[in-house]
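Enquirer: The following comprises the amino acid sequence and a computationally predicted model.
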Amino acid sequence: MKILFYSLNPSFFDEETFHFTWFPRAENQWKDVLQKNPNVSVCVVTQKPGMFLTDSNQKSSSLFDGKLKYIFLQNDELNYVASIIQGENPDIVVASSFWVTPFDWTSVQDSLLGELLQKNGLNVIFHPSESSALCFDKNSTRLFLQNNSFNFPVGYEVQHELFWSERGKSEVKTNVYKEYILSKIQKLNYPVVIKDCYGLSSYGMEVCKTFNQAKAFLLSKKNNGNKIVEEYIDGLQFGVEVWGSSGKYEVSPSFLFSVNQYGITSPKQSIKVGPVKNDELQNEVLRICELLKFSGVAQFDVVFDGKNWFVLDINPRLSGMSSCVACCENTTVVQKLINLACQNQTLQESDLLKTELFKTDLLKTDLFKTLDIKIKNQEQKILDELVKLPFVKCVNQTVNDLAKQHRESGFCELILCDDSFDLLLQDLDFLREKFPNTIEEQFYQTAKKMIFSIA
């Protein structure tokens with residue numbers, strides 16, 4: 001049985017500037033899976049950085065007696081990539097999209113490739129391109145949520161071209177669209193959040209406490225594209241992932257997300273604590289997946305205001321919480337991707353479903369209590385010490401050599417797991433004592449408060 005995983009990167013990636021250290025290494029994750037599945041071989045077709053599928057310094061194209069093959073693409077033209085994938089003659093193909101700046105549209109490109117591969121007769125797990133595009137365009141996401149009776153923040157899209165339509169048009173005396181939008185925004189409940197329609201995560205978000213602040217932002221040079229202005233929902237922010245296809249979705253436990261001083265999550269500073277289970281949230285997420293006909297991996301940002309769940313964002317790809325979810329479930333992202341391939345209907349009678357790995361993962365055990373926290377970048381010596389600790393299940397470090405600001409230089413992510421939240425607190429204190437000055441005081445205090453809040 002040959003399984004092929006693919007992911008494209010429509011942005012330029014400078015591997016001389018960005019350096020990644022991931023533990024456990026992707027190579028070791030694949031080795032573990034392949035040892036448990038002697039009848040399986042894997043091919044990875046990707047572009048750097050190839051998140052989750054490969055290690056950043058991966059050089060070998062064939063490993064483990066040819067059972068693992070890497071193909072690193074320089075060209076992402078779809079017909080070319082499709083010919084490469086078809087030439088491998090895989091039994092099943094799985095889209096494994098990751099995220100890159102500045103636009104969160106990698107899943108759209110991978111969906112288009114999936115449609116082409118499916119048209120050419122391959123068995124492919126991928127999200128429909130219409131669904132990926134809907135999630136890419138945040139205003140389309142809002143309209144979808146509204147039309148299907150989901151809770152979402154009240155707000156308006158600000159179309160950049162119309163908002164500045166008087167520019168270069170001497171015959172325009174009054175910009176009626178601008179007056180209309182400002183009148184609607186003025187009636188919102190404040191504070192409000194202003195975000196890009198096509199941006200990635202919370203990058204570029206602005207929180208405005210008053211209408212005058214929101215108006216000033218929209219009239220400034222910062223308003224450089226289509227924006228959404230929406231009411232800020234005061235509550236607890238969570239993330240949740242879904243793996244699978246229609247009728248066979250598996251909803252991960254949700255994780256509480258920290259917020260910064262502006263009340264929004266920051267991908268480079270976010271702390272995650274879980275698991276937290278909520279049946280109402282799970283049912284709403286499942287309903288979205290069925291409506292969008294998701295097939296693969298998707299992540300949801302949500303907020304609970306004390307009464308209702310609100311959907312903030314839908315990301316049809318692997319996410320910043322994928323490793324966290326895997327650690328909580330005592331598995332790895334690679335193993336979850338293999339299981340995703342196994343769930344395909346056409347493989348129900350295959351030898352793959354009879355393997356020990358798949359049987360084991362179907363038997364749900366108690367979830368680990370999990371903390372995902374960012375610390376300062378560390379030297380390799382410290383990283384080597386960290387990964388030896390029994391409660392440290394994952395270490396991911398990103399370094400940007402050209403960063404001009406501290407927050408842009410990168411971060412080191414630690415995922416801690418233990419049998420109880422009390423033990424998790426002890427693990428956090430142990431790290432603080434053994435590795436002084438690695439966990440910033442603000443992050444330490446925030447993590448403790450978050451653990452107490454859900455323990």
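Expert: Yep, it's here. Numbering: from 1, shown residues only.

Enquirer: do you know how far N39 is from M1?
Expert: 6 Å (C-beta to C-beta, to the nearest Å). Bear in mind the C-beta positions are built from the backbone N, C-alpha and C, glycine included.

Enquirer: More neighbours: which of the two?
Expert: Higher neighbour count among N39 and M1: M1, with 18 against 11, using other C-beta atoms under 10 Å.

Enquirer: With P38 as the reference, measure out to that one.
Expert: Distance from M1 to P38, by C-beta to C-beta: 10 Å.

Enquirer: now do K31
Expert: Applying C-beta to C-beta, the value for K31 to P38 is 13 Å.

Enquirer: Which one of these two is surrounded by more residues?
Expert: A count of neighbours by other C-beta under 10 Å puts K31 above the other of K31 and P38, at 17 against 10.

Enquirer: Provide the secondary structure category for the residue most central in space within the chain.
Expert: Central residue of the chain (C-alpha atoms, centre = their mean): S319, 1.6 Å from the mean position. Of the three states, S319 takes coil according to DSSP: H, G, I helix; E, B strand; the rest coil.

Enquirer: out of everything not next to it in sequence, what's closest to it?
Expert: Leaving aside its chain neighbours, S319 sits nearest to Q299 (3.6 Å; criterion: C-beta to C-beta, 6 or more residues apart in numbering).

Enquirer: Can you name the residues that contact that neighbour?
Expert: Shown in contact with Q299 (C-beta atoms under 8 Å, 6 or more residues apart in numbering): G239, V240, E241, V242, I314, N315, R317, L318, S319, M321, S322.

Enquirer: Could you say which helix or strand holds the first one?
Expert: Taking DSSP states H and E as the criterion, G239 maps to strand 236-244.

Enquirer: So what are the sheet partners of that strand and their directions?
Expert: With DSSP bridges as the test, strand 236-244 is paired with strand 250-251 (antiparallel), strand 254-257 (antiparallel), strand 296-304 (antiparallel).

Enquirer: Contacts for the first one next, please.
Expert: So that's strand 250-251. With C-beta under 8 Å, 6+ apart as the test, strand 250-251 has contacts from V240, E241, V242, W243, G244, Q282, V285, L286.

Enquirer: what mean pLDDT would you report for the strand holding G239?
Expert: Taken as a whole, strand 236-244 has an average pLDDT of 96.

Enquirer: what packs against the helix or strand hosting V273?
Expert: Assigned by DSSP H and E, V273 falls within strand 272-276. If you count contacts as 3 or more C-beta pairs under 8 Å, 6 or more residues apart in numbering; DSSP states H and E, strand 272-276 packs onto strand 254-257, helix 322-328, strand 369-375, helix 441-454.

Enquirer: tell me the mean pLDDT for the first one?
Expert: What strand 254-257 shows for mean pLDDT is 96.

Enquirer: for the longest one, same thing?
Expert: Looking at helix 441-454 alone, the average pLDDT works out to 94.

Enquirer: Sort out which residues of it are buried, please.
Expert: Using 16 or more other C-beta atoms under 10 Å as the test for burial, helix 441-454 gives F443, Y444, T446, A447, K448, M450, I451.

Enquirer: In CSV, list those along with distance to T54.
Expert: Listed next are the buried residues of helix 441-454 as CSV, based on distance: C-beta to C-beta, whole Å:
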residue, distance to T54
F443, 29
Y444, 33
T446, 32
A447, 30
K448, 35
M450, 32
I451, 33
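
Enquirer: Out of those residues, which is nearest to L367?
Expert: Checking the buried residues of helix 441-454 against L367 by C-beta to C-beta gives I451 as the nearest, at 14.9 Å.

Enquirer: ok, the closest one touching D372?
Expert: No - taking contacts as C-beta atoms under 8 Å, I451 lies outside contact range of D372: 11.7 Å.

Enquirer: roughly how far apart are the residue of the chain positioned farthest from its centre and Y180?
Expert: Going by C-alpha atoms, centre = their mean, the residue of the chain most distant from its centre is E171, 46.1 Å out. Between E171 and Y180 the computed distance is 19 Å (C-beta to C-beta).

Enquirer: Same question for L122.
Expert: Distance of L122 to Y180, computed by C-beta to C-beta: 48 Å.

Enquirer: So for those two, which residue has more residues nearby?
Expert: L122 (19 against 12).

Enquirer: Quick check: which element contains that one?
Expert: According to DSSP H and E, L122 maps onto no helix or strand at all.

Enquirer: same check, this time on Q35
Expert: Under the criterion of DSSP H and E, Q35 resides in helix 26-36.
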